[in-house]
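> prediction below, plus the sequence it came from.
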Amino acid sequence: MKRLLIILAAGLPLAAATALPTSAAAAAVAAPFTCSSISVNAPAGTTVESVTAQRREAGTVTVPPVTPLPGAEIPGVPARCEVTVTLTHPGVGDHAKVRVWLPETGWTGRFQALGGSAFAAGDYGAGLAGAVKTGYAAATTDAGVSTYLDTTWALNSAGEVDTALLKNFADRSQHEMTVVAKQVVAKVYGKPASYSYWNGCSTGGRQGYMEAQRHPGDYDGILATAPAINWDEFEVATVWPQVVMNEEDTFPSPCEFNLFNQAAVKACDPLDGARDGLIGDPAGCDFDPRRLIGKTVECEGEQETITAADAAVVRKIWDGPRTPSGRKLWAGVPIGAGFDLAGTKLGTDGTRVGAPFPVPAAWVATWLKRQPTYDLSTITYAEFARLFEQSQAEYDTIIGTDDPDLSAFRKSGGKLLTWHGQADQLIPAQGTVDYRRRVERAMGGGSRVDDFYRLFLAPGVAHCAGDTSTGPKPTDALGALTAWVEQGKAPRTLSAAITDSSGETVTRELCLYPSVSRYSGHGDLADAAGYYCAPVRH
């Protein structure tokens with residue numbers, strides 16, 4: 001459970017929200033500030049159920065615990081107006097809450113919307129607090145659904161999928177939140193925001209892409225990190241490691257999985273010219289796990305020997321989902337990433353069994369099988385292929401978020417900035433790369449797409465820059481986006497850094513896709529100055 005808490009916490013956009021923009025901030029405005037008697041016009045198709053506004057004094061914001069995450073204390077948050085607007089879609093019976101926080105002084109003229117994580121549609125306070133601390137008016141929505149892992153809203157009383165709430169979660173509530181929040185900003189400050197930004201990782205990243213695809217005029221800039229696009233496909237695909245272990249009746253222990261990972265990193269580390277503990281380009285790593293057959297590793301005080309069956313399981317997990325006939329369905333767990341999706345536990349008889357990751361497990365059990373308690377261990381390779389196709393057929397148009405036609409977003413003048421960790425253990429970066437390639441094919445090639453949509457891959461970085469990352473993480477992606485939007489400075493690289501286990505700061509400049517980082521052969525391996533961006537070689 002501790003591991004799950006870390007992963008979900010990483011999905012919160014706090015780090016990016018609290019980063020000070022590197023661009024020159026818009027001057028604070030001297031406009032009348034009001035925090036009472038705020039009226040809101042209902043977005044099309046909705047009714048406003050209630051509007052409340054309350055002034056809050058400066059100080060520490062207490063973020064309540066939201067299962068499975070603990071609470072948090074955010075100090076130094078300025079005095080602000082907190083506005084809450086509840087919307088409903090007539091005849092649906094939903095209640096989507098929009099929260100808008102507006103700093104009383106020091107507003108930069110910018111508006112920032114904050115996305116969600118897992119099955120939560122929005123932020124619970126940490127991101128809002130971070131945003132107002134840096135001069136943004138900020139907003140989020142719960143979409144009328146629930147928390148990170150609570151999916152009790154998914155099915156109605158008849159046991160069928162609640163399509164209205166799924167639409168809220170997939171798309172419409174975030175757009176309606178945007179419409180409402182912009183009204184609130186204009187009423188509280190007496191003028192509209194000069195610039196509007198979306199900021200989210202994972203589910204929040206997917207929401208950002210949905211904004212670009214379906215509501216291209218909502219935001220000037222979208223920061224969408226590790227985006228959960230291709231939702232209908234990757235959510236099923238990430239159950240694959242469990243299917244493999246069950247079908248092969250082989251459940252390697254965490255330390256055995258770690259041995260495979262360490263061996264792969266050691267073998268492929270030098271491919272970028274530097275032995276720095278990172279696989280610079282996992283797609284070019286062809287490490288064969290069968291090389292470890294017969295090796296031993298100590299696991300909880302006992303010696304374990306790697307078997308051919310262990311190696312076969314790892315090989316299938318890295319390769320990714322396939323049909324029984326061998327047709328590739330999706331990318332596998334990236335080489336060098338953690339094996340969180342291949343979680344195991346000791347059963348009642350002391351033998352090891354699978355422990356599926358909750359988010360994809362809930363998607364398959366609830367939205368596909370309509371049985372929240374469905375036993376995923378019964379899924380065969382053939383059933384997996386059927387479930388994958390079912391998910392595509394039923395949900396791609398609702399929540400797939402993979403439409404490559406971004407022409408309206410480009411025409412609106414919007415900028416889309418994405419970075420994705422190449423050691424992302426939950427959402428393979430290859431899905432984002434595949435989407436980017438599809439956009440290039442649809443919109444005239446890479447250089448034309450770079451005019452409005454830029455992608456950066458981060459070697460060794462886990463999901464949403466989680467604490468298992470071994471590679472440098474972007475330090476100010478939001479600042480890079482504001483400089484691009486407001487000053488026309490398109491980022492050629494993204495500055496990144498991490499403090500390693502010895503306390504040394506390691507820096508890199510993340511390369512604009514499709515280039516990859518190469519060591520020049522000179523200088524400190526921990527210093528970005530010793531690296532350059534080169535065309536990919538495979």
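Thanks, I have the structure now.
> next, the buried residues of stretch 442-456.
443, 446, 449, 452, 453, 454, 455, 456 (16 or more other Cβ atoms under 10 Å). For glycine as for every other residue, the C-beta is placed from the backbone atoms N, C-alpha and C.
> so how far is residue 341 from residue 334?
Going from residue 334 to residue 341 by Cβ to Cβ, to the nearest Å gives 11 Å.
> do residue 225 as well
The gap separating residue 225 from residue 341 is 19 Å, by Cβ to Cβ.
> neighbour-wise, which of the two wins?
residue 225 (30 against 23; other Cβ atoms under 10 Å).
> circling back: just the buried residues of stretch 442-456: which are in helices?
Among those, the members found in helices (DSSP state H) are 446, 449.
> max-length helix in the protein?
For the chain, the helix with the greatest residue count under DSSP H is helix 381-399.
> residue 135 against residue 111, yeah?
No - contact criterion Cβ atoms under 8 Å: residue 135 and residue 111 do not qualify, at 10.8 Å.
> of the two, which one has the most company?
A count of neighbours by other Cβ under 10 Å puts residue 111 above the other of residue 135 and residue 111, at 28 against 20.
> out of everything not next to it in sequence, what's closest to that one?
Distances taken as Cβ to Cβ, 6 or more residues apart in numbering place residue 193 nearest to residue 111, at 3.8 Å, with adjacent residues excluded.
> for residue 137, which residues are in contact?
By Cβ atoms under 8 Å, 6 or more residues apart in numbering, the contact list for residue 137 reads 100-103, 107, 110-112, 131, 181, 185, 188-189, 193.
> by neighbours, which of these wins?
Using other Cβ under 10 Å as the neighbour criterion, residue 112 leads the contacts of residue 137 with 33 neighbours.
> that one pairs with what?
Beta bridges link residue 112 to residue 138, residue 197, judged by DSSP bridges.
> list the contacts of the most centrally placed residue in the chain.
Among the residues of the chain, the one closest to the centroid is residue 202, at 1.5 Å (Cα atoms, centre = their mean). Applying Cβ under 8 Å, 6+ apart, we find residue 202 in contact with 11, 117, 118, 225, 226, 227, 228, 426, 427, 463, 464.
> if we use 6 Å, what do you get?
Residue 202 sits next to 11, 117, 226, 228, 464 when contact means Cβ atoms under 6 Å, 6 or more residues apart in numbering.
> where does pLDDT dip in the protein?
Scanning the chain for pLDDT under 70 picks out the ranges 1-31, 537-538.
> now residue 221, nearest residue through space, not along the chain?
Once flanking residues are discounted, residue 221 sits nearest to residue 485: 4.2 Å by Cβ to Cβ, 6+ apart.
> to clarify, my last question referred to residue 132.
residue 103 (4.6 Å).
> where along the stretch 301-450 of the chain do the helices fall?
For the stretch 301-450 of the chain, applying DSSP state H, counting those that start in this stretch gives helices covering 308-319, 358-362, 381-399, 407-412, 429-442, 446-450.
> of all those helices, which lies closest to residue 215?
Smallest distance to residue 215 across those (Cβ to Cβ): 9.0 Å, for helix 407-412.
> in three-state terms, label residue 48 for me.
Three-state call for residue 48 (DSSP: H, G, I helix; E, B strand; the rest coil): strand.
> which of the contacts of residue 137 fall within helices?
Among the contacts of residue 137, the members found in helices (DSSP H) are 131, 181, 185, 188, 189.
> among those residues, which one lies nearest to residue 412?
Of all the ones in helices among the contacts of residue 137, residue 412 sits closest to residue 181, with 18.1 Å by Cβ to Cβ.
> and the gap between that closest one and residue 315?
From residue 181 over to residue 315 (counting by Cβ to Cβ), the distance is 48 Å.
> could you do residue 448 as well?
The spacing between residue 448 and residue 315, counted by Cβ to Cβ, is 39 Å.
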